[in-house]
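In: here's a sequence, model it:
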Amino acid sequence: MARKLIFAAAAFAALTAAAPAFSTEVVRIGTTAGPYAEILRYAGDLAAKQGIEVKITEFTDYTVPNAALAQDDLDINNFQHQPYLDNQVAQRGYDIVSIAKSIIVPIGIYSNKVKTLTDIKDGASAAIPNDPSNGARALQLFEKAGLIKLKPGIGIKATIADIAENPKHLKIVELDAAQLPRSLNDLDFSAVNLNYALSAGLDPKSALLLEGADTNWNLVFAVRAKNKDNATLKKFVEIYRSPEVKAFTEKRFNGTILTTW
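Out: Modelled structure (predicted):
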């Protein structure tokens, strides 16, 4: 009997050693606070059912998620559009690339003092984000609103110095993106990124003008270049870009955040 028990124990041990242990893949992702993180959490819940544990870190400073990614504190981030990433790579030498599109989070023109674009008076004061890419994005929206005209062909490199026509003599200042909602108490209007607008309690439907689906400023998933073909990261992105996440995003944010899939 003892010999049988020993044999059985040995056989069980051999089978246990041969059987692959179930392991959960971990994805460390960085984003900014607000809707970006909320959508990622929903996608993370779906990913957990497929063996991927998603650890989300929220940042309040736009410059930090790329630094954290470059330093291997993150595996992937999702907070920026391609022009911003291109600018960061050019300025800081990051070996970071985008691997997929995610959502469009429209920047909008908001005001506590006027109700429509036509109410904006001569000499009005306004603010735009002080980082180069979002500043250009805001100026393009001002141009779309008919408030200014930019130099032809300047595109995503536009700065205040590239305003060719300013018929209302607007006084435009550059502020940190997170401070733009507060500026509405002092200025006539400001261009505010949607995540900061929502965090400050602003209603996107009250914006004087919002970007539409035709914008080129969609967010991207970014990784270190050596991980661009990483199977786990690609699987998570596939889960994120699913019909379930699309439906959640459209319902949760009432159509104000747009998907690219």
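In: for whichever helix or strand residue 247 is part of, name the packing helices and strands.
Out: Using DSSP states H and E, residue 247 sits in helix 243-252. Counting contacts by 3 or more Cβ pairs under 8 Å, 6 or more residues apart in numbering; DSSP states H and E, helix 243-252 packs against helix 35-48, strand 258-259. For every residue, glycine as well, the C-beta is placed using N, CA and C.
In: now the element after the longest one, going C-ward?
Out: Stepping forward along the backbone from helix 35-48, the first helix or strand reached (DSSP H and E) is strand 52-59.
In: would you confirm that residue 223 contacts residue 99?
Out: Yes: counting by Cβ atoms under 8 Å, residue 223 touches residue 99, with 5.7 Å between them.
In: compare those two (neighbour count), which wins?
Out: Higher neighbour count among residue 223 and residue 99: residue 223, with 23 against 17, using other Cβ atoms under 10 Å.
In: give me the pLDDT for the residue lying closest to the more buried one once chain neighbours are set aside.
Out: Nearest residue to residue 223 in three dimensions, chain neighbours excluded: residue 76, at 5.0 Å (Cβ to Cβ, 6 or more residues apart in numbering). On pLDDT, residue 76 comes in at 98.
In: the one residue sitting closest to the centre of the chain: which element?
Out: In the chain, the C-alpha nearest the mean C-alpha coordinate belongs to residue 79, at 2.6 Å (Cα atoms, centre = their mean). If you go by DSSP H and E, residue 79 is part of strand 76-81.
In: next SSE downstream of that strand?
Out: Next element after strand 76-81 (DSSP H and E): helix 82-92.
In: okay, the closest residue to residue 246 other than its chain neighbours and residue 43: tell me how far apart.
Out: For residue 246, ignoring the flanking residues on the chain, the nearest one in space by Cβ to Cβ, 6+ apart is residue 259 at 4.8 Å. Distance of residue 259 to residue 43, computed by Cβ to Cβ, to the nearest Å: 12 Å.
In: common neighbours of these two, please.
Out: Listed as contacting both residue 259 and residue 43 by Cβ atoms under 8 Å, 6 or more residues apart in numbering are residue 245.
In: among those two, which residue is more densely surrounded?
Out: residue 43 (26 against 20).
In: what residues are up against that one?
Out: Contacts of residue 43 by Cβ under 8 Å, 6+ apart are 54, 236, 239, 240, 242, 245.
In: any idea how far it is from residue 241?
Out: 9 Å.
In: okay, how far is it across stretch 41-56, tip to tip?
Out: 8 Å (Cα to Cα, to the nearest Å).
In: er, stretch 124-143 actually
Out: From start residue to end residue, stretch 124-143 stretches across 15 Å - Cα to Cα.
In: pull out the buried positions in that stretch.
Out: 124, 126-129, 131-143 (16 or more other Cβ atoms under 10 Å).
In: same check, this time on stretch 75-86
Out: 75, 76, 77, 78, 79, 80, 81, 82, 83, 84, 85.
In: how about stretch 47-58?
Out: In stretch 47-58, counting by 16+ other Cβ under 10 Å, buried: 47, 52, 54, 56.
In: state the pair within the residues you listed that is farthest apart.
Out: 52 and 56 (12.5 Å; Cβ to Cβ).
In: can you report phi and psi for residue 237?
Out: Its backbone dihedrals place residue 237 at phi -60, psi -40, with angles given as degrees, to the nearest 10.
In: quick one, what contacts it?
Out: If you count contacts by Cβ under 8 Å, 6+ apart, then residue 237 has 76, 99, 100, 221 around it.
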